[in-house]
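S.K.: What would the 3D arrangement of this be:
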Amino acid sequence: MLKRRCIICAKDIQMITGKSERYAHYLIQKMKAFFKKENHQFITVREFSEFSGITLEEIREYLY
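M.R.: This next block holds a predicted model:
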């Protein structure tokens, strides 16, 4: 059974976007505000896809 991650981290965003790690952390904070999440909660791959406009298939090519 293939296990896939459902959480995206700053390093993943950095790799996908080509931006700095600092910018990736900034994006995570913007997404948490957009989705009304608390600081301890995670951002999912699906939420990142919705927020960025990048399809899930394109994101999964980088993550798996």
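S.K.: all contacts plus neighbour counts: C-alpha atoms, from now on.
M.R.: Noted.
S.K.: Checking K37 next. Helix, strand or coil?
M.R.: Secondary structure, DSSP: H, G, I helix; E, B strand; the rest coil: K37 is coil.
S.K.: Begin at 2, not 1, for the rest of this chat.
M.R.: Taking 2 as the first residue, the last one we looked at is K38.
S.K.: Next, it: phi, psi?
M.R.: Phi and psi for K38, reported as degrees, to the nearest 10, are phi -100, psi 150.
S.K.: Now do it against D13, distance only.
M.R.: 19 Å (C-alpha to C-alpha, to the nearest Å).
S.K.: Between the two, point out the one with more neighbours.
M.R.: D13 (17 against 13; other C-alpha atoms under 10 Å).
S.K.: My read is that Q15 contacts E22, right?
M.R.: Yes - using C-alpha atoms under 8 Å, Q15 is in contact with E22, at 5.6 Å.
S.K.: Following the helix ranked longest in the chain in sequence, what is the next regular element?
M.R.: Looking across the chain with DSSP state H, the single longest helix is helix 22-35. For helix 22-35, the succeeding helix or strand toward the C-terminus, using DSSP states H and E, is helix 46-53.
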